[in-house]
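1. The sequence and its predicted three-dimensional model are supplied below.
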Amino acid sequence: MINVGVLGARGRMGATVCAAVEAADDLALVAAVDADEDRSALGKAEVVVDFTHPGAVMDNLRWCVDNGLHAVVGTTGFDDDRLATVRGWLAANPGIGVLVAPNFGIAAVLMMRFAAQAARFFESVEIVELHHPNKADAPSGTARRTAELIAAARREAGLDPAGPDATTTALDGARGASVDGIPVHAVRLGGLVAHQEVLLGGSGETLTIRHDSLDRVSFMPGVLLAVREISARPGLTVGLDPLLDL
Ligand SMILES: NC(=O)C1=CN([C@@H]2O[C@H](COP(=O)(O)OP(=O)(O)OC[C@H]3O[C@@H](n4cnc5c(N)ncnc54)[C@H](O)[C@@H]3O)[C@@H](O)[C@H]2O)C=CC1
Ligand SMILES: O=C(O)C1=N[C@H](C(=O)O)C[C@H](O)C1
């Protein structure tokens, strides 16, 4: 039995994680903590899951590492600087495992992998991410990570990450944001959960790779896999890919 604590327990994701942990025979929910509540209840946990806010997650994570707790983090906002900071904390606390994943959906992980594989075969690539209007940040963590993977694959193939573009922008934002040279467009629309299209275009043909999370339960197999494996993975793991043997 693994004792699990959840941070952000009353949020959309946190509540779904609490239900998934309670439904699993090999996991016990020992603490469910939200904003302005005492984190000390998490001391009974072996693994803490964080789905809070980009502005709160670093303080939470520091607290977990300092208290010898493994952490599975879905909260967005992790750039290279933040990841380096977490690596520093973990170097001083060997034996503790932290997994940070921008997306726990298995299909989303595959979408990112397929997009990176396809990226070197097309002259143009753009990303459109579409989410519910209560989302905290833009662009999504998934879109950022996808753009980074695509840009790395294109650089390795000797291609300019940015495709050809003769457009003069008359209005700021009309061509989206640039992440590592890849245009990323963010849509916020009632009725949506979490969706992304990677558009690739070349000589007389296009390829669209689309992923849809239609319900937050889509993230739960990935979260529970990480909870079960994190104690055997000291140090920092980024993304779910290593746990899926991709
Ligand atoms: N990696 C993944 O697969 C996914 C990541 N996310 C990310 O998870 C985060 C949360 O998303 P939602 O659940 O939709 O947001 P939400 O706003 O519904 O829930 C966040 C919860 O965290 C609580 N909170 C804020 N600060 C806190 C603190 N310091 N300690 C404890 N609780 C705190 C809030 O009160 C709220 O209940 C976002 O960054 C989102 O992008 C969301 C879905 C999937
Ligand atoms: O806030 C969300 O909802 C989501 N956030 C993550 C992200 O920013 O990529 C994962 C998923 O897209 C849902």
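-> Yes, it's here. Residues are numbered from 1 along each chain as shown. Ligands and ions are numbered 1, 2, ... in the order given.
2. got a list of what the nearest residue to Asp215 once chain neighbours are set aside touches?
-> Closest residue in space to Asp215, ignoring its immediate chain neighbours: Val193 at 6.6 Å, by C-beta to C-beta, 6 or more residues apart in numbering. Any C-beta I mention is one placed from the backbone N, CA and C, and that applies to glycine too. The neighbours of Val193, taking C-beta atoms under 8 Å, 6 or more residues apart in numbering as the test, are 131-132, 212-216.
3. out of the residues you listed, which are inside strands?
-> Using DSSP state E, the members of the contacts of Val193 that fall in strands are 131, 212-213.
4. Output these as a markdown table; include the columns neighbour count.
-> Below are the ones in strands among the contacts of Val193 laid out as a markdown table (neighbours: other C-beta atoms under 10 Å):
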| residue | neighbour count |
| --- | --- |
| His131 | 23 |
| Asp212 | 17 |
| Ser213 | 20 |
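5. Give me the mean pLDDT for stretch 64-71.
-> Stretch 64-71 shows a mean pLDDT of 97.
6. near ligand 2, which residues of this protein?
-> 76, 102-103, 131, 135, 140-142, 194 (C-beta under 6 Å from any ligand atom).
7. Taking this protein, what residue is nearest to ligand 1?
-> Using C-beta to the nearest ligand atom, the point where the chain gets nearest to ligand 1 is Gly11, with a distance of 2.0 Å.
8. List just the nearest of the contacts of Val193 to Ala170.
-> Distance to Ala170 across the contacts of Val193 (C-beta to C-beta) is lowest for His131, with 26.4 Å.
9. Need the phi and psi values for the nearest residue to the closest one once chain neighbours are set aside.
-> Excluding the flanking residues, the one nearest His131 by C-beta to C-beta, 6+ apart is Ala194, at 5.5 Å. Per-residue torsions, Ala194: phi -150, psi 120 (degrees, to the nearest 10).
10. Read off the pLDDT value for the residue nearest the centre of the chain.
-> Taking C-alpha atoms, centre = their mean, the centroid of the chain lies closest to Pro102, which sits 0.5 Å from it. Per-residue pLDDT puts Pro102 at 98.
11. For it, which residues are in contact?
-> By C-beta under 8 Å, 6+ apart, Pro102 lies in contact with 76, 78, 140-142, 144-145, 239.
12. Mind jotting down where the helices sit in the chain?
-> For the chain, applying DSSP state H gives helices covering 12-23, 57-66, 80-91, 106-118, 141-156, 220-229, 241-244.
13. The residue of the chain closest to ligand 1 touches Phe51, doesn't it?
-> Yes - using C-beta atoms under 8 Å, Gly11 is in contact with Phe51, at 6.0 Å.
14. Who has more neighbours out of the two?
-> Phe51 (25 against 19; other C-beta atoms under 10 Å).
15. Was I right to think that one contacts Cys18?
-> No - applying C-beta under 8 Å as the test, Phe51 and Cys18 come out as separate, 10.2 Å apart.
16. so what's in contact with the two at the same time?
-> Common contact partners of Phe51 and Cys18 (C-beta under 8 Å, 6+ apart): Val6.
17. And the contacts of stretch 105-116?
-> Outside stretch 105-116, the residues touching it (C-beta under 8 Å, 6+ apart) are 103, 125, 142, 145-146, 149-150, 152-153, 194, 196, 198, 200, 209-211, 213, 218-219, 221-222, 239-241, 244, 246.
18. Looking at this protein, which residue reaches furthest from the middle?
-> Most distant residue from the mean C-alpha position of the chain: Gly204, 33.4 Å away (C-alpha atoms, centre = their mean).
19. near ligand 1, which residues of this protein?
-> Selection of the chain residues close to ligand 1 by C-beta under 6 Å from any ligand atom yields 7-8, 10-14, 33-35, 51-54, 56, 60, 74-76, 101-104, 136, 141, 219.
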